[in-house]
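Trainee: Only the shape, not the letters, is given here:
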């Protein structure tokens with residue numbers, strides 16, 4: 001009976017490790033394919049012309065964010081089962097962070113698809129015929145999409161902090177992973193709102209990715225320790 005429970009626990013650990021790893025890499029791909037078309041020095045017409053020439057990139061970016069949201073949602077129940085009765089309330093807080101992040105990414109992706117359709121409609125009639133209100137509406141949609149991205153990625157930072165704090169509840173949680181997550185999480189949140197283009201923000205994203213990968217590889221290869229959680 002004990003062996004059967006152990007095999008079941010290992011299956012949960014392996015599946016959870018893979019799905020969180022998949023969500024993390026999809027999040028990274030979403031960042032790499034993220035589409036931005038507003039430049040600080042460009043005119044309204046230049047920005048919209050650039051958007052009209054890259055409608056496919058905009059659509060691909062939106063679908064990557066939607067996929068990230070769906071995979072993150074799918075990872076939540078596995079995460080909760082993995083840490084059931086191990087972290088007390090921390091796993092529920094972290095699951096909430098994952099849920100909120102995925103919702104905002106989903107909203108952002110849907111808005112990106114809507115932006116793509118609106119741009120295609122304008123192109124069908126001719127960009128030069130679009131009035132200023134229609135053009136400004138597209139830029140407002142893009143600005144709202146950027147706002148959603150800030151909120152979603154900020155909750156990714158909160159999840160990183162929470163995952164890093166697992167080290168204080170479970171022995172032999174990868175210490176390097178914990179350090180990277182606890183440092184990178186707040187850094188990402190701060191720079192999201194004060195300087196999104198800063199190079200350190202990119203470093204914070206890399207730190208979170210490395211921390212999550214270390215955790216998932218440990219989970220897949222060795223699983224959680226069988227000892228009791230720290231008091």
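Mentor: Now that the structure is in, tell me what you want to look at. Computed from a predicted structure; not experimentally measured.
Trainee: buried residues in the host helix or strand of residue 208?
Mentor: In this structure, residue 208 is located in helix 199-221 according to DSSP states H and E. Residues of helix 199-221 classed as buried: 201, 204-205, 207-216, 218-220 (neighbour count, 16 or more other Cβ atoms under 10 Å). Where you see a C-beta, it was placed from the backbone N, CA and C, and this is true even at glycine.
Trainee: Relative to residue 181, which of these is nearest.
Mentor: residue 211 (4.0 Å; Cβ to Cβ).
Trainee: Now for that closest one: which residues touch it?
Mentor: 160, 163-164, 176-181, 184 (Cβ atoms under 8 Å, 6 or more residues apart in numbering).
Trainee: out of those, which are buried?
Mentor: The neighbour count (16+ other Cβ under 10 Å) marks 160, 163-164, 177-178, 180-181, 184 as buried among the contacts of residue 211.
Trainee: want to throw those into a markdown table with pLDDT and secondary structure?
Mentor: Shown next, in a markdown table, are the buried ones among the contacts of residue 211 (pLDDT from 0 to 100; DSSP: H, G, I helix; E, B strand; the rest coil):
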| residue | pLDDT | secondary structure |
| --- | --- | --- |
| 160 | 94 | helix |
| 163 | 92 | helix |
| 164 | 91 | helix |
| 177 | 92 | helix |
| 178 | 92 | helix |
| 180 | 94 | helix |
| 181 | 94 | helix |
| 184 | 94 | helix |
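Trainee: returning to what we had before: can you tell me the average pLDDT over the helix holding residue 208?
Mentor: Helix 199-221 comes out with an average pLDDT of 91.
Trainee: low-scoring stretches of this structure, by residue?
Mentor: Applying pLDDT under 70 to the chain picks out residues 1-5, 36-48, 123-132, 134-135, 225-231.
Trainee: Can you tell me the centre-most residue of it?
Mentor: Closest to where the C-alpha atoms of the chain average out (Cα atoms, centre = their mean) is residue 27, at 4.8 Å.
Trainee: Just give the nearest non-adjacent residue to that one, would you?
Mentor: Nearest residue to residue 27 in three dimensions, chain neighbours excluded: residue 68, at 5.0 Å (Cβ to Cβ, 6 or more residues apart in numbering).
Trainee: Thank you kindly, that will do.
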